[in-house]
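Undergrad: just to be clear, the model below is a prediction. Sequence and coordinates:
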Amino acid sequence: SAFGYKLSEGLCARTLQQALCATWPRDVLAMRNAHLARELVQRAISTRNHRLSLPRLMRAPLELSQHHLGLDAEQGLQSLLAQREAVEAELATLVGMGPLKEFLRKLGAKVEYVQRGGDSRLLEGCLNIVLTGNPGAGKTTAARLLFRWLRAHGLLQQDVFVERNALELKGTHIGWTCPQVKDMVNSALGGCLFLDEAYALSGGRDGDRGDSFSDEALRTLLTEIENNRSSLCVVLAGYRDAMLHLMRADPGLVRRFPNVLHLDDYTPAELAAIAKNTAAARYGLEFAPGL
């Protein structure tokens, strides 16, 4: 009413609560719920006004519907189903990456169990993952596919994938690192944060300038992950030995990253299959018989 609008018939406080939960993660709601209620209405008004031409806008009643609140359930369901089919098809044809496939297979079984009426707490576990492997093993591809799978199966609320190199988080002057890490995490809330070369955060403990910034970045990252543990998926990636060194740098890492997947180097046969698939998908070409 403060904006001069009213809710359309049938909308109630429960509907608004559903809209809030569908728009923001629980941790964000807990911190800013009163402000978010106002922001939700402002977004709905903006959506309504953008959908109407100027003549219709002048004649339309000042009323907000479930569509303006982003609660078109049927459309949202169809979109998720389409995303799910696409990502499952890509996973089925993916060459290699056995550990990722097995991880998603087990997680998919839990999702199916919950959808059939099982205890939803089964899906409240930590989804943070450490991906290890040599250059070219497909760590970035795996992280992006993981994000799309989680999003398509309703485990992530926002279509947000933030990709950063951990080297970018190490400050150049005092007071820079902590806000930088917090801003990065906030930008990924509801979605997935992918940190490549995460071993850059495992600086030494001897107090020199570079290592002190690494320590600050790691401590801040762990704090933000804990504060937003139900609001995003964090993927750390890097070489196997270097990532093992990182995991030993702080005991909190093992607890916050319970899932570690190692991607083996591709075999010659797998590389040949990738080349064949790439030629067909990107260029519409086929290998000559016998190749």
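TA: Sure thing, it's come through.

Undergrad: quick one: residues contacting residue 163.
TA: If a contact means Cβ atoms under 8 Å, 6 or more residues apart in numbering, then residue 163 has 140, 143, 194, 196 as its contacts. Glycine gets a C-beta too; all of them are placed from N, C-alpha and C.

Undergrad: at 6 Å what do you get?
TA: residue 194 (Cβ atoms under 6 Å, 6 or more residues apart in numbering).

Undergrad: pretty sure residue 222 is touching residue 254, no?
TA: No. With contacts defined as Cβ atoms under 6 Å, residue 222 does not count as touching residue 254, sitting 11.0 Å away.

Undergrad: so where is the stretch 51-200 of the chain shaky, pLDDT-wise?
TA: For the stretch 51-200 of the chain, the stretches with pLDDT under 70 are 51-80, 171-174.

Undergrad: all helices of it, in order?
TA: 54-59, 73-93, 98-115, 139-152, 177-188 (DSSP state H, counting those that start in this stretch).

Undergrad: of the ones you listed, which stretch is the most buried?
TA: helix 139-152 (a mean of 21; mean count of other Cβ atoms under 10 Å).

Undergrad: by contact count, what packs against it?
TA: Applying 3 or more Cβ pairs under 6 Å, 6 or more residues apart in numbering; DSSP states H and E, we find helix 139-152 packed against helix 73-93.

Undergrad: what about residue 114, distance to residue 251?
TA: 31 Å (Cβ to Cβ, to the nearest Å).

Undergrad: now do residue 188
TA: For residue 188, the distance to residue 251 - Cβ to Cβ - is 24 Å.

Undergrad: and for residue 95?
TA: Residue 95 is 37 Å from residue 251, where distance means Cβ to Cβ.

Undergrad: so for those two, which residue has more residues nearby?
TA: In this comparison of residue 95 against residue 251, neighbours counted by other Cβ atoms under 10 Å, the higher total goes to residue 95 at 16 against 9.

Undergrad: contact partners for residue 233?
TA: Contacts of residue 233 (Cβ under 6 Å, 6+ apart): 127, 192.

Undergrad: if we can go back for a sec, more neighbours: residue 222 and residue 254, which one.
TA: Between residue 222 and residue 254, counting by other Cβ under 10 Å, residue 222 is the more crowded of the two (19 against 12).

Undergrad: residues in contact with residue 182?
TA: Contacts of residue 182 (Cβ under 6 Å, 6+ apart): residue 224.

Undergrad: going forward can the numbers begin at 48, since that is how I track them
TA: I'll keep to 48 as the first residue from here, and by that count the last item is residue 229.

Undergrad: for the helix or strand hosting residue 263, buried residues please.
TA: Taking DSSP states H and E as the definition, residue 263 sits inside helix 256-274. Residues 259-269, 271-272 are the ones in helix 256-274 that count as buried (16 or more other Cβ atoms under 10 Å).

Undergrad: and of those residues, the nearest to residue 165?
TA: Nearest to residue 165, judged by Cβ to Cβ, of the buried residues of helix 256-274 is residue 272 at 26.9 Å.

Undergrad: next, work out how far apart that closest one and residue 235 are.
TA: 11 Å.

Undergrad: can you check residue 191 too?
TA: For residue 191, the distance to residue 235 - Cβ to Cβ - is 14 Å.

Undergrad: all strands for the stretch 198-338 of the chain, in order.
TA: Counting by DSSP state E, counting those that start in this stretch, the stretch 198-338 of the chain has strands at residues 208-212, 239-243, 280-285, 306-309.
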